[in-house]
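**Q** starting from these lines, generate the structure:
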Amino acid sequence: MSEKQRTYSTFNYDAHARTCAPEDFLGQVRRTVNGVPLGDDQLGLIKQAMAAGLSLEPDDVLLELACGNGALSQCLFASCKGYLGIDVSEYLVSVAQQHFERAPTHRFLAQGGVAYVREETEPARFSKVLCYAGFQYFPDGEAAEILAALHTKFTRVGRIFIGNLPDKDQAAKFYRDRTPSAEELADPTTAVGIWRTRPEFSALAAAAGWKITLSTMPPTFQPAYYRYDAVLSR
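**A** Prediction:
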């Protein structure tokens, strides 16, 4: 679809992050509500969900896709032996490297998700995978390739936590003042990314060989009414 045909706005996280203050870590990755950074209670719920979804053990090496600036990632560092965060935004990764990297065991790399899974030469080092609030920015073809590669190439990965997925069946609750087009809901370049129903996401994961368990955050989590989480296992 051309810009002239598009009737909705797109969004670029790298460009947005560069407009924020260098240490406005929540603002850079839009962990905000109406422009206000999430409070400790909301951040605590996210951290709890990631910890429960991953079930990290001391010997785990964690791979995170779409890691952003690492502000939330670093809360997991004490729970795993190693970590590699991947994000396509060179700016966000530079923030992560400056403030949160703990080389050589806990590192960040600027690279797109598909390119990374294609090029990783030591996939067997990883045992868990995280993608929180980022999977919806992978187009269907890339999402399918990533999930398939994690299953067939990253053979030691036994558990994947994919969080904060926008539920297409609940989109009307989010877009209260207008009805978005099917094209908008399927566009990974919008601020929300691709909306997938629970059956659609489950089918995508199952096609790559994964077993799927879906869950919803507690109602005290502000976006819980239109988002869901997924744990993938072998």
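
**Q** residue nearest the centroid of the protein?
**A** residue 134 (2.6 Å; Cα atoms, centre = their mean).

**Q** residues contacting the nearest residue to that residue once chain neighbours are set aside?
**A** Ranked by Cβ to Cβ, 6 or more residues apart in numbering and with sequence neighbours excluded, the top spatial neighbour of residue 134 is residue 66, at 2.5 Å. Yep, even glycine has a C-beta here, placed from its N, CA and C like the rest. The contact partners of residue 66, by Cβ atoms under 8 Å, 6 or more residues apart in numbering, come to 86, 87, 88, 113, 131, 132, 133, 134, 135, 137, 138.

**Q** where does the protein dip in pLDDT?
**A** By pLDDT under 70, the low-scoring segments of the chain are 1-5.

**Q** quick one, strands of it?
**A** Per DSSP state E, the chain carries strands over the ranges 32-33, 36-37, 61-65, 82-87, 106-110, 128-132, 159-166, 211-215, 227-233.

**Q** and the angle from the longest helix along the chain to strand 159-166?
**A** Longest helix in the chain, counting residues (DSSP state H): helix 40-54. Helix 40-54 and strand 159-166 meet at an angle of 140 degrees, taking axes from the mean of the first three to the mean of the last three Cα atoms, to 10 degrees as the criterion.

**Q** which parts of helix 40-54 are buried?
**A** Neighbour-count burial for helix 40-54, counted by 16 or more other Cβ atoms under 10 Å, picks out 42, 43, 45, 46, 49, 50, 53, 54.

**Q** was I right about the last one contacting residue 130?
**A** Yes. Look at residue 54 against residue 130 with Cβ atoms under 8 Å: they come within range, at 6.1 Å.

**Q** which neighbours do these two share?
**A** In contact with both residue 54 and residue 130: 62, 76, 161, using Cβ under 8 Å, 6+ apart.

**Q** before we move on, back to that, ok, now which ones touch the residue nearest to the centre of the chain?
**A** 65, 66, 67, 68, 87.

**Q** quick one: which two of those residues are the most distant?
**A** The span of the contacts of residue 134, defined through Cβ to Cβ, is set by 65 and 68 at 10.5 Å.

**Q** tell me how many other residues surround residue 138.
**A** 22 (other Cβ atoms under 10 Å).

**Q** surely residue 99 and residue 70 touch.
**A** Yes. Using Cβ under 8 Å, residue 99 is in contact with residue 70, at 7.1 Å.
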